[in-house]
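Q: Attaching a predicted model along with its sequence, questions to come.
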Amino acid sequence: MQILFDDIGSYPPPEGLGEGWAEETIENDWKRFAKILQEAMLQKIRAGVDLPTYPQFQEMTHQFLKVIKDPLKVDEPYLVRERDARIVEVYAIEPFAREYREKHGVRMPLRLCVTGPLELYLKEFGATEYVDLYHLIARSINRFIRETMRTVRYSEVKVVSIDEPSLGISPQVIFDEDSIIKALSTSGESAKSHDLDVEIHLHSPLNYRLASQTENINVIGVESAANPSYLDLIDKNVLEETDSFLRIGIARTDIFTLTASLNEKYKTNVWKEPSRMKEVITEMETPNVIEKRLLKAYNSFGERIRYAGPDCGLGAWPTQEMAELLLRNTRIGIDRFHKDHLTKAEA
C-alpha cells in the first residue's frame, strides 16, 4: 500500500503580483495567466507531488460564484449551464499537461478541487435559509466537476476534493444534517460515478461523522500537522464501518504562526529577512519531522490513511521557492516513511 502525496491547491504568485492579479490577468492577458499556472504546476510536479492540484490563485468563492451568478451562464438562478461549468485553471495548464504526456506516455495526474456548496452558500446568503438554492448550488458544483472531467484532453482527474472550511466552524450553518449530506452527495455524484475518490477538505474534524455518512464522499481531510489533537477526534471504527479513509496533513502551512516563533527567537520581523525565514524549511518543517507525523498517524489508523500532504494551501507563503521546498520536504518525508516503516511492516 502506498500513501499518495497530494496538495490542497493554492500557491504563492510570482514576486511582484498584488491582490486581484489573477482575475485581471484572466480577463486581459490569458497567455500570461496560463504561463504562470504552468510554471507553478511544474514546481509542484518537480517537488514530487503525486496528485497535484491545479494552482489556485483566484479567491475560492469568487472563482465559482462569478459564473454561477452570471445570468448568461445559467439554466436557472444558481444552476450553471453545462457548457459554462468550466474551471479555467485546468484549461490553462493543458499545454503543460500535453508536454507531460509526450514525455511520460500517460496523461498528467490531477487533483481537482472545488469550493463546496455550503461555503458558496454562506458567502452569498449568510445565515438566511434557502434550502432549495443551497441544493441548486450543489448541482452546479457537480456540473463543474463533470464538465471538467469530460472536456480536458491531457490531464487525468484522479481525485476530487470538495473544500468546506466552514463546516464544523461557522455559527452561520443553519441547515440540518440531512440537507448537508444531500448537498455534499450531490456535489460528488459525477466524480463517484467515475469511481474516483472524493475528499472533503475540512478545517475542523468536528463534523467528520457527517461527512463519513455522505454517500459520494469517501475521504476525510484533516489538518493534523498544526493540530495533532484533531486526529484524536477521529474514531477508526467509524471509518471502517462507513468504508471511509483519511487525507492527513503532515506538513504545517500556517506560515504566520511558524514565522511568529522566529520573530520571537530573533526579536525581529523575519518577513524582512528571507535568510532567517528559511528556517521554517531547514529547521522546523523538515523531512524528519514530517516523517514522524506520518508514522504517528499510521500507527493509529493504518491503511485507513490514503493521502497525505500539507495541511492547507500555500498561497500565503512568501515565495514560490519556499513553497516548493516545503513540498520537496514532504516528498522526502513520505518516501522515508515508505522505506523505513511501511515496507518493513508489509514484509
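A: Received it, and whenever you're ready, just let me know what you need. In this text, all values refer to a predicted model and were calculated from it rather than measured experimentally.
Q: If you count neighbours, what's buried in the longest helix seen in the chain?
A: Counting by DSSP state H, the longest helix found in the chain is helix 131-151. Neighbour counts over helix 131-151 (16 or more other C-beta atoms under 10 Å) mark 133-149 as buried. To be clear about C-beta, it is placed using only N, CA and C from the backbone, and glycine gets the same treatment.
Q: Report the distance from it to the chain centre.
A: 18 Å (C-alpha atoms, centre = their mean, to the nearest Å).
Q: Give me the helices and strands touching that helix, please.
A: In terms of contacts (3 or more C-beta pairs under 8 Å, 6 or more residues apart in numbering; DSSP states H and E), helix 131-151 is packed against helix 62-68, strand 79-80, strand 108-115, helix 117-125, strand 155-163, helix 177-187, helix 189-193.
Q: For residue 97, list the residues it contacts.
A: By C-beta atoms under 8 Å, 6 or more residues apart in numbering, the contact list for residue 97 reads 107-108, 110, 152-155.
Q: Now it: which helix or strand?
A: helix 94-104 (DSSP states H and E).
Q: Can you say which of the helices and strands packed on helix 131-151 is nearest to residue 53?
A: Distance to residue 53, taken as C-beta to C-beta, is lowest for strand 108-115 among the helices and strands packed on helix 131-151, at 4.3 Å.
Q: Distance from the chain centre to that closest one, please.
A: 8 Å.
Q: buried set for that strand?
A: In strand 108-115, counting by 16+ other C-beta under 10 Å, buried: 108-115.
Q: can you map out the strands along the protein?
A: 4-5, 74-76, 79-80, 108-115, 155-163, 197-201, 219-222, 245-251, 305-310 (DSSP state E).
Q: Adding distance to residue 288 and mean pLDDT, write the ones you listed out as TSV.
A: Shown next, in TSV, are those (distance: least, C-beta to C-beta, whole Å; pLDDT from 0 to 100):
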stretch	distance to residue 288	mean pLDDT
strand 4-5	17	98
strand 74-76	51	96
strand 79-80	46	98
strand 108-115	26	97
strand 155-163	27	97
strand 197-201	26	96
strand 219-222	21	96
strand 245-251	12	98
strand 305-310	15	98
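Q: which one of the contacts of residue 97 is nearest residue 174?
A: residue 110 (34.3 Å).
Q: Kindly tell me how buried the nearest residue to that closest one once chain neighbours are set aside is, as a neighbour count.
A: Nearest non-adjacent residue to residue 110, counting by C-beta to C-beta, 6 or more residues apart in numbering: residue 155, 4.3 Å away. By other C-beta atoms under 10 Å, 25 other residues sit near residue 155.
Q: so who does residue 155 touch?
A: Residue 155 neighbours (C-beta under 8 Å, 6+ apart): 90, 93-94, 97, 107-110.
Q: and what of residue 214?
A: Counted by C-beta under 8 Å, 6+ apart, residue 214 has contacts 181, 184-185, 188, 200.
Q: Only alpha carbons, please: show stretch 86-96 as CSV.
A: C-alpha atoms of stretch 86-96 as CSV (Å, rounded to 0.1, in the frame of the first residue of the first chain):
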residue,chain,number,x,y,z
ARG,A,86,-15.5,25.1,-16.5
ILE,A,87,-12.6,25.6,-14.1
VAL,A,88,-10.4,27.8,-16.2
GLU,A,89,-7.2,26.9,-14.5
VAL,A,90,-7.4,23.3,-15.7
TYR,A,91,-7.5,24.5,-19.3
ALA,A,92,-4.7,26.9,-18.7
ILE,A,93,-2.4,24.1,-17.7
GLU,A,94,-3.3,21.9,-20.7
PRO,A,95,-0.3,22.8,-22.8
PHE,A,96,1.9,21.7,-19.9
